[in-house]
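Asks: Sequence plus the predicted model coming up.
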Amino acid sequence: MKFRHFALSTAAAVLAGATALTAIPAQAQDQIYVPLLTYRTGPFANSGVPIADGMHDYLRMLNERDGGIGGAKIVIEECETGYDTKKGIECYESTKGKNPVVYNPYSTGITLQMIPKASADKIPVLSMAYGLSASAKGNTFPWIFNPPVTYWDGASAFIRHVAEQSGGFDKLKGKKIGLIHLDAPFGKEPIALLEALSKKYGFELKLYPVAASDMQNQGSVWLNIRRDRPDWIYNQGWGAMNPTAVKEAAKNNFPMDRLVGVWWAGGDDDARGGGDGAKGYKSLNFHAAGTDFPVIQDIQKHVVDKGLSKTPKDKVGENLYNRGVYNSMLIAEAIRNAQKISGKKAITAEDMRKGLESLNITDARLKEIGMAGFAAPMKLTCEDHNGHNKVYVAQWDGTKWVKGSEWMDPLKDEVMPLLESAANDYAKANNWPARTEACQKGS
Amino acid sequence: MHALYMVLIDPFVQMVSAPDLFVQTIWEGLVAGVLYALIALGFVLIFKASGVFNFAQGMMVVFAGLTLIAFQDMGLPAIAALAASLAVMYLLALSIERVVLRPLVNQPDIILFMATFGITYILIGFGEMIFGGEPREVNTKAFFLPQGSFEIPILGGFVQIQKIDVAAAVIAALMIAALGFFFQKTRIGRALRAVADSHKAALSVGISLNQIWVIVWFAAGIVALVAGIMWGARSNVSFALQVVALKALPVLILGGFTSIPGAIIGGLIIGVGEKLGEFYWGPLMGGGIESWLAYFIALGFLLFRPQGLFGDKIIERI
């Protein structure tokens, strides 16, 4: 009985202590709370781990090197989702009381669930290059941001690449283009755009869905591909699906330079998993890989070398690690903007929305923050929460990703009207309220 | 009318017009079936000896595979890594018997079943803590597993055979033969069968239930290690593999939970059935049907043989 009493008292004390500790961000005046929804476990962990490390390490580097942003320390808290929508929403609900300035759901499924919740709670969601493509329309989705490119931009850039390689858009007629995709909201996202483009340019679109339970068991899918003989394949895959797809493509003698992954299918482990046969595999990208950037070197110096990171040293600079760094750079730049606009050190979620809507990352700014040549300049506005930025095609040379094309624009003329229409459809279907938030001057 | 043609006629027209692809599909199905059967064997072993459906078997495949790779990464030669992994699987079997099974003796089967859920999640957490979440490559060369493929010209086309798939089939056949010998011809095997028939009767003739459970969980661990190596050699070893391992469920429904030949035949029927279904009928339904087709096939069989293909028909006096 005594032991039971002791155990209960201890548990209560621990709980009270934990509550007090986690409440700190809400009270502190010089701290900014940034929850990171990450997944270091589960079937998609191979993609989730390097991104989580990159996101964490950049923000930690700012804390270590600069003492935070504008005098405010960043309080970073990871919440493990396992890439599971249900768990992601639990993370959201359990952290939203701590005054978060922005959420990074890191899953299209979680983003879709979070869009109505965060919009009602007035907390910005940064679904960086994932999530609902239509959420790029700031007039409809004032609290949702998906820079620097949507999945529709990506799929259209892939079609531009195919056209360039084939000798022009008129050469697309009669071609067979396949989409191998995870059979989940993320994987299905580009279908609408590709269907529209297939009608316009006259190519035949073949779909090859891969169920999450069969990510490592793609034999039938590649038999279908062998039968259909598509000229090109776009891979909208994630997690364990990617290395298996690359391996299967190599096994089936599919020309690797005609297999192009979305940026999430461009992890080093994705290509490495295909062994020697993966050489030539392509993936879209919107930032550089490697460590030849002052920002990455600062992370190594202030975080990794001091043992403050979970990443193995040799993984720093890999493609998905740098993706996480880019993501956190957007968060940090938006916080700086928000501090300027509001004049406060510890900004609110409302300030952060304004900061995101006035993001203008020029070449000069990229240079200032040690990222010259790391990414293309980008600008968001009140109306445009995406930027529809340039991308390039990266190519696996057998050991690392190298640049395989020049920077290119998505097919904005095709994408924008479809986005407008999709945003309107979403608003109608969900009885979505009209935007009431005023736009900042110049944003 | 067109829909009926597409479902009932067109797939067979395709089989005749491209017979090489038909043969290739059958081959892919057989290989997948052998690999499903390897996983299902682990389930059968434990169910036969203890009546427990071991939900953790899929995770044991992942855990065994990752353990082996970790030992190789530490610089151990292949044989030593294999021996060390077997030792880990033995320790795991011993721990499960001591910590989970022994305290739950005489509890309803559902309690033991739920306990295997616990084992699954402990293995996931512990595994991710030790090995990390990244997919790991099996060093196929170290185990003399062949790589690459060859093509056999056939029926005006060709069938591509992956050498690793042939190796998987041979190893699975050897494994099954060894298990058959173990169960039929050895003293421990006979004891295992006695325990499977009746715990009480086995105890009354002096068979140690605890010892038998350790042996059977260790045997399931060995099967898991082999399955981990073979699946890993085909793609890689990652925590996503535990989901594939659940494909053993329809195999067990079909083959019966207590039959080793049932696991093999069930695996082959499920493997071939799902590949044929996905290849010829999948496109009509937007593709991706193999994830549920296996269960559909198994449930279809159950309508005619509720005890599974090789399960014993149970008649109880009421």
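Replies: Happy to help now that I have it. These figures come from a predicted structure and were not determined experimentally. Numbering: from 1, shown residues only, chains lettered A, B, ... in the order given.

Asks: Please name the nearest non-neighbouring residue to B:V226.
Replies: Spatially, and ignoring its direct neighbours in sequence, B:V226 is nearest to B:M175 (5.9 Å; Cβ to Cβ, 6 or more residues apart in numbering or on different chains). Placement of C-beta: from N, CA and C, glycine included.

Asks: Give me the local confidence score for that neighbour.
Replies: Looking at B:M175, its pLDDT is 86.

Asks: did I read that right, it in a helix?
Replies: Yes. Remark: B:M175 belongs to a helix, assigned using DSSP: H, G, I helix; E, B strand; the rest coil.

Asks: Kindly tell me how buried it is, as a neighbour count.
Replies: Counted with other Cβ atoms under 10 Å in any protein chain shown, the neighbours of B:M175 add up to 19.

Asks: so who does it touch?
Replies: B:38, B:41, B:223, B:226 (Cβ atoms under 8 Å, 6 or more residues apart in numbering or on different chains).

Asks: looking at this, the last one is in a helix?
Replies: If I follow you right, that is B:V226. Yes. Note on B:V226: a helix contains this position according to three-state DSSP.

Asks: Please tell me how far the residue nearest the centre of chain A sits from chain B.
Replies: Closest to where the C-alpha atoms of chain A average out (Cα atoms, centre = their mean) is A:M128, at 3.8 Å. Separation of A:M128 from chain B (Cβ to the nearest Cβ, to the nearest Å) stands at 21 Å.

Asks: Please list the residues of chain A that sit near chain B.
Replies: Taking Cβ under 8 Å from any Cβ of the partner chain, the part of chain A that reaches chain B is made up of A:40-46, A:48-49, A:183, A:207-217, A:219-221, A:223-224, A:226-227, A:239-240, A:243-244, A:247, A:251-252, A:269, A:273.

Asks: phi, psi of the residue in the stretch 101-250 of chain B that chain A sits nearest to?
Replies: Residue nearest to chain A within the stretch 101-250 of chain B: B:G133 (2.6 Å; Cβ to the nearest Cβ). With angles defined as degrees, to the nearest 10, B:G133 sits at phi -90, psi -10.

Asks: returning to what we had before: of all pairs in the contacts of B:M175, which one spans the longest distance?
Replies: B:L41 and B:V226 (9.1 Å; Cβ to Cβ).

Asks: which one of the two has more residues nearby?
Replies: Using other Cβ under 10 Å, the more surrounded residue of B:L41 and B:V226 is B:L41, with 28 against 22.

Asks: The host helix or strand of that one vs chain A: in contact?
Replies: For B:L41, the host element (DSSP states H and E) is helix B:19-50. Yes. Remark: helix B:19-50 sits within contact range of chain A at B:21, B:24-25, B:28, B:31-32, by Cβ under 8 Å from any Cβ.

Asks: So which of those wins on neighbours?
Replies: B:A32 (28 neighbours).

Asks: check contacts around that one.
Replies: In this structure, B:A32 makes contact with A:217, A:219, B:271, B:274-275, judged by Cβ under 8 Å, 6+ apart.

Asks: Run through chain B and note the low-pLDDT ranges.
Replies: Residue ranges of chain B with pLDDT under 70: B:311-318.

Asks: Give me the residue at the spatial middle of it.
Replies: Closest residue to the average C-alpha location of chain B: B:I39 at 1.2 Å, with Cα atoms, centre = their mean.

Asks: Leaving out chain neighbours, which residue sits closest to that residue?
Replies: Closest residue to B:I39 apart from its sequence neighbours, by Cβ to Cβ, 6+ apart: B:A248 at 4.3 Å.

Asks: ok, that neighbour to B:L92 distance?
Replies: 19 Å (Cβ to Cβ, to the nearest Å).

Asks: So between these two, which is more surrounded?
Replies: A direct count of neighbours by other Cβ under 10 Å for B:A248 and B:L92 places B:A248 higher, at 29 against 22.

Asks: so the more buried one sits right up against B:F55, yeah?
Replies: No. Counting by Cβ atoms under 8 Å, B:A248 does not reach B:F55; the two are 10.7 Å apart.

Asks: quick one: the strands in the stretch 51-200 of chain B?
Replies: Here the stretch 51-200 of chain B has its strands, by DSSP state E, counting those that start in this stretch, at B:149-154, B:157-162.

Asks: Tell me what angle the last one forms with strand B:149-154.
Replies: Computed with axes from the mean of the first three to the mean of the last three Cα atoms, to 10 degrees, the direction of strand B:157-162 lies at 150 degrees from that of strand B:149-154.

Asks: what's in contact with strand B:157-162?
Replies: A:251-252, B:18-21, B:23-24, B:27, B:31, B:148-152, B:234.

Asks: Repeat the analysis, applying 7 Å as the threshold.
Replies: Residues from elsewhere that reach strand B:157-162 (Cβ atoms under 7 Å, 6 or more residues apart in numbering or on different chains): A:251, B:18, B:20-21, B:23-24, B:27, B:149-152.

Asks: List only those of the residues you listed flagged as buried.
Replies: Among the contacts of strand B:157-162, those classed as buried by 16 or more other Cβ atoms under 10 Å in any protein chain shown are A:251, B:18, B:20-21, B:23-24, B:27.

Asks: Throw those into JSON lines and include distance to A:I369, thanks.
Replies: Below are the buried ones among the contacts of strand B:157-162 laid out as JSON lines (distance: Cβ to Cβ, whole Å):
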{"residue": "A:K251", "distance to A:I369": "43"}
{"residue": "B:A18", "distance to A:I369": "57"}
{"residue": "B:D20", "distance to A:I369": "57"}
{"residue": "B:L21", "distance to A:I369": "54"}
{"residue": "B:V23", "distance to A:I369": "59"}
{"residue": "B:Q24", "distance to A:I369": "53"}
{"residue": "B:W27", "distance to A:I369": "55"}
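
Asks: Contacts only, for residue 233.
Replies: All of this refers to chain A. A:178, A:180, A:258-259.

Asks: look at chain B instead
Replies: Applying Cβ under 7 Å, 6+ apart, the residues near B:A233 are B:138, B:140, B:145, B:164.

Asks: Find the residue closest to the closest residue to chain B within the stretch 1-150 of chain A in space, skipping its chain neighbours.
Replies: Residue nearest to chain B within the stretch 1-150 of chain A (Cβ to the nearest Cβ): A:A45, separated by 2.6 Å. Distances taken as Cβ to Cβ, 6+ apart place B:G133 nearest to A:A45, at 2.6 Å, with adjacent residues excluded.

Asks: Just confirm B:A78 contacts B:K141, I think it does.
Replies: No. Taking contacts as Cβ atoms under 7 Å, B:A78 lies outside contact range of B:K141: 9.0 Å.

Asks: And the two? Which one has more around it.
Replies: A direct count of neighbours by other Cβ under 10 Å for B:A78 and B:K141 places B:A78 higher, at 15 against 10.
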